[in-house]
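Trainee: Sequence unavailable; structure follows:
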């Protein structure tokens, strides 16, 4: 088994792509991105590696890759939802997922836990490669257009990156006015929100539709986002709870819908993400100390797990 590579030891993305060769298909880029994860790893190592790879790519273009920063933190929190898999380990610590899924009488929600694991993996497979392809080309948008234009499911991703790229060009223009630069920042955020919407519609929702009613309620109650900063005042400023939002700012919508809010429904979840989670992340992202604290926490966990190899056989 190839040991997990600590994220600080990963070379520059351009160097990695040059070394391995730039693919000419989406499937090729997805395979290349998957190669940045340990070939054989358990569910926990894979989750930690995915989180750190998002943080790694974010750090290479933090002015533009806002979705990657949010995805790093979201994936980092998913590790908590995967904890029940540890209830069915053998003496070595190995988690036999197929065997666990067959023991419904032992843990009724194990299938739902596995669905969350699959969701995390699917998001990485669908979106990370596009950041890598864009970042490692002299003209990232030309590369993405060549890859995505004929693929209608990727139209939202392409539109998002188009907005990000237009904003980036203004920010990199030394003659741009302060007003133009402010507009460019907003354009970059709009593009990243398009990526986020694609993630929630095309990837998260189909998986959430498979969750049991009990899991949907539990996840709704526990759904919250914290950006891992230190200090009570900062923690309060960087914390967002789905139900707290739904029972305060989201009440008008709940009354109109005449249904109890549930995070597994896109129409309930998206307003919270758009009006609470994204603004909270923007405030953290604007403060280099706070965003560095979040990324360091993710890198630290990846480093710790890299020192503890998985036990074969492995399930991704």
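Mentor: Cool, got the structure. All of these numbers come straight from a predicted model, not from anything done at the bench.
Trainee: Now do the strands in this protein.
Mentor: With DSSP state E, the ranges of strands along the chain come out as 224-226, 239-241.
Trainee: and these, which one is worst for confidence?
Mentor: Ranked on mean pLDDT, the bottom entry among those is strand 224-226, at a mean of 51.
Trainee: what's the pLDDT at residue 112?
Mentor: Reading off the confidence values, residue 112 has pLDDT 82.
Trainee: so how far is residue 146 from the residue nearest the centre of the chain?
Mentor: Using C-alpha atoms, centre = their mean, the residue of the chain that lies closest to the mean C-alpha position is residue 71, 2.4 Å off. Taking C-beta to C-beta, to the nearest Å as the measure, residue 71 and residue 146 are separated by 24 Å. The way it works is simple: take the backbone N, C-alpha and C, and place the C-beta from them, glycine included.
Trainee: What of residue 160?
Mentor: 17 Å.
Trainee: Pick out whichever of these two has more residues nearby.
Mentor: Neighbours around residue 160 and residue 146, counted as other C-beta atoms under 10 Å, are more numerous at residue 160. The numbers are 24 against 13.
Trainee: Please name the nearest non-neighbouring residue to the more buried one.
Mentor: Spatially, and ignoring its direct neighbours in sequence, residue 160 is nearest to residue 194 (3.4 Å; C-beta to C-beta, 6 or more residues apart in numbering).
Trainee: can you check residue 14 too?
Mentor: Ranked by C-beta to C-beta, 6+ apart and with sequence neighbours excluded, the top spatial neighbour of residue 14 is residue 136, at 4.9 Å.
Trainee: what's the burial count for that neighbour?
Mentor: Neighbouring residues of residue 136 were enumerated by other C-beta under 10 Å; the total is 20.
Trainee: dump the residue contacts of it.
Mentor: Shown in contact with residue 136 (C-beta atoms under 8 Å, 6 or more residues apart in numbering): 13, 14, 16, 17, 18, 22.
Trainee: For PyMOL, what selects the buried ones among the residues you listed?
Mentor: Selection command for PyMOL covering only the buried members of these, criterion 16 or more other C-beta atoms under 10 Å:
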select buried, resi 13+17
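Trainee: I figured residue 62 was touching residue 292, is that so?
Mentor: No - in this structure, residue 62 sits apart from residue 292 without contact. The criterion is C-beta atoms under 8 Å, and the distance is 9.9 Å.
Trainee: any low-confidence regions in the stretch 101-250 of the chain?
Mentor: When residues are selected by pLDDT under 70, those of the stretch 101-250 of the chain lie in 101-108, 214-240, 243-247, 249-250.
Trainee: For it, which segments count as helices?
Mentor: The residue ranges that make up the helices of the stretch 101-250 of the chain, judged by DSSP state H, counting those that start in this stretch, are 110-123, 129-135, 140-148, 155-171, 178-198, 205-208, 213-222, 232-237, 242-246.
Trainee: Quick one: closest of those to residue 282.
Mentor: The minimum distance between residue 282 and the helices of the stretch 101-250 of the chain falls on helix 178-198, with 7.0 Å, by C-beta to C-beta.
Trainee: Any buried residues in the closest one, and which?
Mentor: When burial is assessed from 16+ other C-beta under 10 Å, helix 178-198 yields the following buried residues: 184-185, 187-189, 191-198.
Trainee: Specify which member of the residues you listed is nearest to residue 155.
Mentor: Ranked by distance to residue 155 (C-beta to C-beta), the buried residues of helix 178-198 are led by residue 198 at 8.8 Å.
Trainee: contacting residues around that closest one?
Mentor: Applying C-beta under 8 Å, 6+ apart, the residues contacting residue 198 are 127, 156, 157, 160.
Trainee: Which pair of the residues you listed spans the longest distance?
Mentor: Across those, the longest distance by C-beta to C-beta is 10.5 Å; it joins 127 and 156.
Trainee: Could you name every residue contacting both of these two?
Mentor: Both residue 127 and residue 156 are contacted by 195, 198, under the criterion C-beta under 8 Å, 6+ apart.
Trainee: more crowded one of these two?
Mentor: The neighbour count for residue 127 versus residue 156, taken as other C-beta under 10 Å, is higher for residue 127 (23 against 18).
Trainee: Next, the contact list for that one, please.
Mentor: For residue 127, the contacting residues are 67, 71, 157, 195, 198, 199, by C-beta under 8 Å, 6+ apart.
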